[in-house]
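Visitor: Next comes the sequence, and after it the predicted model I'd like to discuss.
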Amino acid sequence: MSDKREYKRLFFLILLIMYLSAGCAGSKPQKDDFASGKKVAVIEEAVDHEPKIDYYEHRVVWMGETISIISGWYTGDILNWKEVADANPEINPKLIRKGDVIRIPKEMMTTEAPLPKSYVDSFYPVKEETSPTIENFPDVEESQAGEESPSAEMAPPASEDGESLELFGPK
């Protein structure tokens, strides 16, 4: 019987040691735990703070600027738009307006030169000014193209009685 009693005591002693050691491992160091305050400050800084990222701020000035165009200019690759969008959670990447400030992580940047309008314009096709010709209207036949338009003064339409109707409106 004494063997059973000794095993129970040993079992409870091991449980007590495990309980106490688990409590010590999960606690945060206190300032009194160290002789020097510097050690505590370094540990708290490493635990509590994320590394600070340095950003370049770009202000949108040109119509047509997008996150991908901005990231293409500053990082050298338009596919970096996702990282730039992640750095600007308060901005909708599908809706960029003049005056918006876009932050670009400096570690990604290849240039700090301001974004020129010519770079933005290079992403959009140039519209050619054309005068109307028969080629621009495929549904108009060539025989109709040479005909003169009807006279400006047409006879007013006749009613069912055969009487002419009086037109109203501007003359």
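Guide: Arrived safely, thanks for sending.
Visitor: okay, CA-based contacts and neighbour counts for the rest of this
Guide: OK.
Visitor: secondary structure element for Ser68?
Guide: helix 67-75 (DSSP states H and E).
Visitor: Residues in contact with that helix: which ones?
Guide: 77-81, 84-85, 93, 96, 104, 108-113, 115, 119-120 (C-alpha atoms under 8 Å, 6 or more residues apart in numbering).
Visitor: try 7 Å this time
Guide: If you take C-alpha atoms under 7 Å, 6 or more residues apart in numbering as the criterion, helix 67-75 is touched by 77-81, 84-85, 93, 108-112, 115, 120.
Visitor: What ranges does this protein have for its strands?
Guide: Along the chain, the stretches classed as strands by DSSP state E are 55-59, 101-105.
Visitor: Skipping adjacent residues, who's closest to Ile78 in space?
Guide: Gly72 (3.9 Å; C-alpha to C-alpha, 6 or more residues apart in numbering).
Visitor: tally of neighbours for the one you found?
Guide: The local packing of Gly72 (other C-alpha atoms under 10 Å) involves 19 other residues.
Visitor: Would you mind measuring from Gly76 to Ile67?
Guide: Gly76 sits 13 Å away from Ile67, going by C-alpha to C-alpha, to the nearest Å.
Visitor: got it, and Trp73?
Guide: From Trp73 to Ile67 the distance is 10 Å (C-alpha to C-alpha).
Visitor: and if you look at Asp100?
Guide: From Asp100 to Ile67 the distance is 11 Å (C-alpha to C-alpha).
Visitor: show me the contacts for Glu112.
Guide: Glu112 neighbours (C-alpha under 7 Å, 6+ apart): Tyr74.
Visitor: Quick check: phi and psi at it.
Guide: Here is the backbone geometry of Glu112 (degrees, to the nearest 10): phi -110, psi 10.
Visitor: so what pLDDT did it get?
Guide: pLDDT, Glu112: 93.
Visitor: Same check on Ser71?
Guide: 95.
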